[in-house]
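> fold the following.
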Amino acid sequence: MEEEHKVDVKQALRVFDRATREGRKEADGWHYQGLTVSTDFDGYTVFINSAKVRLTVFFHNKFAVDYSSDKDLQDFIRLLASLDQS
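Residues are numbered from 1 along each chain as shown. Model prediction:
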């Protein structure tokens, strides 16, 4: 699905950073504005999840995104953009 190419990894990482600073820490990660963010044990892999999309950012900004519909992904991308701007 070509929608995946619209994911801006650098933007996602800025949102991840903001979520870890401003979000609420719980056992499964930080909760912030409809997202749950976390890392693997060494911090090299970052997970950014909404209710319907799971973005995994690997070392060297490679990424994988899991979603059911293009609309879900578009909503996720809009949420990242919104959180990056505010």
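
> based on its surroundings, how many neighbours for Phe73?
Slight slip there: residue 73 is Leu, not Phe. Per other C-beta atoms under 10 Å, the neighbour tally for Leu73 reads 22. In short, each C-beta sits where N, CA and C put it, glycine included.

> next one, pLDDT for Lys6 please.
pLDDT for Lys6: 83.

> contacting residues for it?
73, 77 (C-beta atoms under 8 Å, 6 or more residues apart in numbering).

> for the one 10 residues further on, same thing?
Counting by C-beta under 8 Å, 6+ apart, Phe16 makes contact with 37, 46, 48, 57.

> report the buried members of those.
37, 46, 48, 57 (16 or more other C-beta atoms under 10 Å).

> low-confidence ranges, this protein, go.
1-5 (pLDDT under 70).

> what is the nearest of the buried ones among the contacts of Phe16 to Asp28?
Set against Asp28, the nearest of the buried ones among the contacts of Phe16 by C-beta to C-beta is Val37 (9.8 Å).

> got phi/psi on that closest one?
phi -120, psi 150 (degrees, to the nearest 10).

> rewinding a little: just the ones in strands from the contacts of Phe16, please.
37, 46, 48, 57 (DSSP state E).

> ok, residues contacting the helix or strand where Lys25 lies?
Per DSSP states H and E: Lys25 is located in strand 24-26. Contacts of strand 24-26 from elsewhere in the structure, counted by C-beta under 8 Å, 6+ apart, are 30-32.

> so what strands line up beside that strand?
strand 29-32 (antiparallel) (DSSP bridges).

> what's the strand it pairs with in contact with?
Residues contacting strand 29-32 (C-beta under 8 Å, 6+ apart): 18-20, 22-24, 36-38, 47, 83.

> again, but for stretch 73-86
Outside of stretch 73-86, the residues within contact range by C-beta under 8 Å, 6+ apart are 1, 3-4, 6-8, 11-12, 14-15, 18-19, 32-35, 48, 50, 52-53, 55, 65, 67.
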